[in-house]
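# what's the 3D shape of this:
(chains A, B, C and D)
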2 protein chains.
Amino acid sequence: MIRLLLADDQALVRGALAALLALEPDLEVVAEVGSGDEVLDAVREHRPDVALLDVEMPGLDGISAAAAVRQEFPDVRVLIVTTFGRPGFLRRALQAGASGFVVKDTPAAELADAVRRVHAGLRVVDPALATDSLVAGESPLTARETEVLQAARDGSSVATIAGRLFLSEGTVRNHLSSAIGKTGAGNRAEAVRIADGNGWL
Amino acid sequence: MIRLLLADDQALVRGALAALLALEPDLEVVAEVGSGDEVLDAVREHRPDVALLDVEMPGLDGISAAAAVRQEFPDVRVLIVTTFGRPGFLRRALQAGASGFVVKDTPAAELADAVRRVHAGLRVVDPALATDSLVAGESPLTARETEVLQAARDGSSVATIAGRLFLSEGTVRNHLSSAIGKTGAGNRAEAVRIADGNGWL
DNA sequence: GATGGTCCCTGACAAATGTCATGCCCGGGT
DNA sequence: ACCCGGGCATGACATTTGTCAGGGACCATC
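Just a heads-up that it's a prediction; the model follows:
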C-alpha cells in the first residue's frame, strides 16, 4: 500500500484527485492539505510515502514545501503536480529534491503510474517540458533584476518600486532596462510576461 | 440517472472530476472533452442532462460554449466550473443561460449536490461571488476600450496596437487613458490587471 | 597586488506613454 | 429641426519610461 499526501489549494481539484487515486487498489490517500504551510505538519503526522504537491499555493509554494519535506524526511518522495509547465519550475523542483514533475494536462490514467514510479525511486518528468527547460536555461537575471521585475509585476511605477526597494529611480530604471534586454522584450510589461512564463520570478 | 458532460482542458483535472462524480450512484459521466469547440458536438451525440464547463479552455471558452448549447438544446442544464471567481464571469455565465456557477475552491463533496440542484432546475451560485459581482458591476469599458486593453495585455507598444487595430497612435493612447481612468489605475499595466481581474476582458 | 569580470548604483538624454482640448458622427429627447 | 450626450478619432503637450556612459565594491585569477 502506497501512502499519499495531497496538497492543492483548490479543494475541488484536491478532492477529485483523491477520488481518482483512491480507485487504485495499491494507493491510499492518508492526508489532504490546502496550503504549503500545512504540508510539513501533515507529513510529520501521517508519514506518507509520496507527497503530491501543487506549485501554486497560498503560503509556502509547492517547491519550497518540497525542499522542506526532503530536508526533514529524505525518504518521502515528492511528486510535483502543476498547472503551468514553466521551464524554471521544473529545474527548481528537481533542485529542491522532487522526484517527479507532472503537468495537469497529462491524461488522468498516467497519474497513478507516475506515483508508483516515484515511489519505486525513479524520476518522472514530462519529456516535452524537459527539453523546454534545457532550451530556456537558467534565469539570466541577477538578484536585483529579479526583485525589481517582481515589484513591477502589478504595474507599479518606477517611483513606487524605487520607494519600496529603497533605490534611486535611475537605478530601478537601469535594472528594468537590463532585464528587458536579457529577456529580449521591448518594455517592462513584456519582460514580466516572459520572465514569469519561464518561471524566473 | 443524471447524464453528465465534462469539459475542461486539463486532462488530469477532467479525469479526476469524472472519478469523483462516478462515485455517486445517481450520476453518470457520458462524455468528456478538452476544448470548447468539442462541446456542442458531444452534446449532440450524447444528450447529457447537465454539462459541466470550465471557463478557461482553448478554442471556444466555457461561457460561449454554454450559450451555444443552450441555444440548440434549451433543456440541457449548464454548470460552469472555473478556477477564477471573476465577478464578470458570473454575470456573463448567467446571461449565457448557465444554471450554476461553482469555483474550484469549493469542497469536493458539494459538487455532486450542485449537479443535482442544477438538474432539478434550481440555480447554484457561490454566495460570496454573487455579492462581489454586484459590487464590481458591469464593465464600464466601451467596446473600443476593451479591444485596446486586450491588445495591450501582452505588453505591446502603442504603435503595435495601433497597427493591429488600424487606428492612429493618438487614438490608441486616448482609449488607454480612458480605460486607465475608469479602472482607477495609474497606468496601462495596472488597468489590464484590474479589468482582467473583474472579468471585463 | 594587479587584472579582469560581474554586479550594483547613479544621473543625463532620447523615446514612449498618458493627458488634454477639440472635432466628427450617430441616436434619443425636446 | 434642434440640441445634447456618448462614443470614437486625432494631434499637441507634459510626464514617465528606457538607454547609455561612467564610477565604486567585490571576487576570482594570474
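# Got the domain ranges for chain A?
A:2-136, A:143-197 (automatic domain parsing).
# and the residue of chain A found nearest DNA strand C, what does it touch?
Of all residues in chain A, the one sitting closest to DNA strand C is A:Gly170 (2.5 Å; Cβ to the nearest atom of the strand). To be clear about C-beta, it is placed using only N, CA and C from the backbone, and glycine gets the same treatment. For A:Gly170, the contact set (Cβ atoms under 8 Å, 6 or more residues apart in numbering or on different chains) is empty.
# which residues does the nearest residue to A:Val50 once chain neighbours are set aside contact?
In space, and not counting its chain neighbours, A:Val50 is closest to A:Arg77: 4.8 Å by Cβ to Cβ, 6 or more residues apart in numbering or on different chains. The neighbourhood of A:Arg77, defined by Cβ under 8 Å, 6+ apart, consists of A:49-51, A:99-100, A:118-119, A:121.
# which parts of chain A sit against chain B?
Within reach of chain B by Cβ under 8 Å from any Cβ of the partner chain, chain A has these residues: A:9-20, A:23, A:81, A:83, A:102-109, A:111, A:154-157, A:185-193.
# Which elements pack onto the helix or strand where A:Leu129 lies?
Using DSSP states H and E, A:Leu129 maps to helix A:127-136. Packing partners of helix A:127-136 (3 or more Cβ pairs under 8 Å, 6 or more residues apart in numbering or on different chains; DSSP states H and E): helix A:87-95.
# And for the helix it packs on, what's in contact with it?
Here helix A:87-95 has contacts from A:55, A:62-63, A:66, A:80, A:82, A:101, A:125-126, A:129-130, A:132-133, A:135-136, A:138-139, A:198-200, using Cβ under 8 Å, 6+ apart.
# The helix or strand following the helix holding A:Leu129 near DNA strand C anywhere?
For helix A:127-136, the succeeding helix or strand toward the C-terminus, using DSSP H and E, is helix A:143-152. Yes - counting by Cβ under 7 Å from any atom of the strand, DNA strand C has neighbours in helix A:143-152: A:143-145.
# quick one: low-confidence parts of chain A?
Within chain A, the ranges that satisfy pLDDT under 70 run A:136.
# which residue is nearest the centroid of it?
Among the residues of chain A, the one closest to the centroid is A:Val55, at 3.5 Å (Cα atoms, centre = their mean).
# May I see the buried residues of the lengthiest helix in chain A?
Using DSSP state H, we find that the single longest helix of chain A is helix A:169-183. For helix A:169-183, the neighbour count (16 or more other Cβ atoms under 10 Å in any protein chain shown) marks A:171-173, A:175-176, A:178-180, A:182-183 as buried.
# tell me the angle it makes with helix A:143-152.
For helix A:169-183 against helix A:143-152, the angle by axes from the mean of the first three to the mean of the last three Cα atoms, to 10 degrees is 100 degrees.
# picking that back up, out of the residues of helix A:143-152 next to DNA strand C, give me the one that has the most neighbours.
Tallying neighbours with other Cβ atoms under 10 Å in any protein chain shown puts A:Glu145 at the head of those, with 24 neighbours.
# Quick check: it touching A:Ala179?
Yes - counting by Cβ atoms under 8 Å, A:Ala179 is a contact partner of A:Glu145 at 4.5 Å.
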